[in-house]
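Peer 1: Turn this into a model:
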Amino acid sequence: MATVAEELSTLLDRLSSHDQQLILEYARRLSQSSAFPHSALPPGTPGEVVAKLRVSLELGEALEHALEDCEQVDVDEH
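Peer 2: Okay, here's the model as predicted:
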């Protein structure tokens with residue numbers, strides 16, 4: 001199985017000089033930019049603590065409905 005670099009080289013050889021230049025410029029931009037800069041996660045509650053939380057049946061149902069409402073996307077809403 002070919003490595004990524006080998007496969008890229010094979011594919012680049014099939015492209016025109018102009019397209020190769022476009023790919024090179026794109027790769028340079030990718031290597032210089034950070035689309036999602038690294039940031040530390042905010043402090044939170046450890047999972048083992050969250051797993052021990054208990055709520056009433058009524059509150060649990062209310063939370064379940066709230067989560068269901070949040071999951072729906074209205075594409076017509078602007």
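Peer 1: Where do the helices of this protein begin and end?
Peer 2: 4-13, 17-32, 47-51, 57-71 (DSSP state H).
Peer 1: Output those helices in CSV; the columns should cover mean neighbour count.
Peer 2: Any C-beta I mention is one placed from the backbone N, CA and C, and that applies to glycine too. Compiled in CSV, the helices of the chain are given as follows (neighbours: other CB atoms under 10 Å):
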stretch, mean neighbour count
helix 4-13, 10
helix 17-32, 10
helix 47-51, 8
helix 57-71, 9
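Peer 1: just for this protein, where's the confidence low?
Peer 2: 34-38, 41, 72-75, 77-78 (pLDDT under 70).
Peer 1: mind running it again at 90?
Peer 2: The chain contains residues with pLDDT under 90 at 1-2, 29-55, 60, 63-78.
Peer 1: can you redo the helices of the chain as a markdown table with distance to Ala40?
Peer 2: Converted to a markdown table, the helices of the chain look like this (distance: least, CB to CB, whole Å):
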| stretch | distance to Ala40 |
| --- | --- |
| helix 4-13 | 30 |
| helix 17-32 | 23 |
| helix 47-51 | 18 |
| helix 57-71 | 26 |
